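K.L.:
this is a predicted model, with the sequence first.
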Amino acid sequence: MAEERISDRQRIDKWLVYARVVKTRTLGQTLAASGHVRLNGRKIDDPAQPVKAGDVLTIGLHGHVRVLKVLDFAERRGSYSVASELYEDLTPPPAPGESAPIVDAGEGRPTKRDRRRFEKLTEQDRNDR
């Protein structure tokens, strides 16, 4: 009977970890409690909020918004391929011309030149609004 409940609903903080949205359950609890997660359009602030298949989560994380539809649940955190089967990504593609500055991995700290490029792009974004 407990397995039926696990397959029917799951705490949102656990689901965020198992779907590899965040790395740890503590981060999942913090994210849910901070109000950066919406469940079917309604802001939540309780990490114990249950989610069920068919629910749509809107998650604000690292300056990006992700829209995920819950398809399934897991009993533990698995590989990326297993985690990607738990949700359908409904995030709209970025608008043309809206892209983040490209920084190759392993370059280390941004240089003064990189900082100026970042500032120029954010200044352009502010002027476009």
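P.N.:
Noted; the coordinates are in hand.
K.L.:
rest of the way, CA atoms for contacts and neighbours
P.N.:
OK.
K.L.:
how about K43, what does it touch?
P.N.:
K43 makes contact with G35, H36, V37, according to Cα atoms under 8 Å, 6 or more residues apart in numbering.
K.L.:
test my guess that the first one contacts R42.
P.N.:
Spelled out, it's G35. No. G35 is not in contact with R42 according to Cα atoms under 8 Å; the separation is 9.9 Å.
K.L.:
which of the two has more neighbours?
P.N.:
Taking neighbours as other Cα atoms under 10 Å, G35 and R42 compare with G35 leading, 16 against 11.
K.L.:
from K112, how far out is that one?
P.N.:
Distance of G35 to K112, computed by Cα to Cα, to the nearest Å: 35 Å.
K.L.:
got it, and D72?
P.N.:
In terms of Cα to Cα, D72 sits 46 Å off from K112.
K.L.:
neighbour count winner among those two?
P.N.:
D72 (20 against 9).
K.L.:
looks to me like that one is in a strand.
P.N.:
No. Residue state for D72 (DSSP: H, G, I helix; E, B strand; the rest coil) corresponds to coil; a strand is not indicated.
K.L.:
so it touches S84, yeah?
P.N.:
No. Using Cα under 8 Å as the test, D72 is too far from S84 to be in contact (9.9 Å).
K.L.:
and the end-to-end length of stretch 94-111?
P.N.:
27 Å.
K.L.:
break down this structure into its helices, ranges please.
P.N.:
Secondary structure of the chain (DSSP state H): helices located at 2-8, 12-18, 25-33, 80-83, 112-128.
K.L.:
with mean pLDDT added, can I get those in JSON lines?
P.N.:
Shown next, in JSON lines, are the helices of the chain (pLDDT from 0 to 100):
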{"stretch": "helix 2-8", "mean pLDDT": "53"}
{"stretch": "helix 12-18", "mean pLDDT": "95"}
{"stretch": "helix 25-33", "mean pLDDT": "93"}
{"stretch": "helix 80-83", "mean pLDDT": "92"}
{"stretch": "helix 112-128", "mean pLDDT": "83"}
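K.L.:
done for today, thanks.
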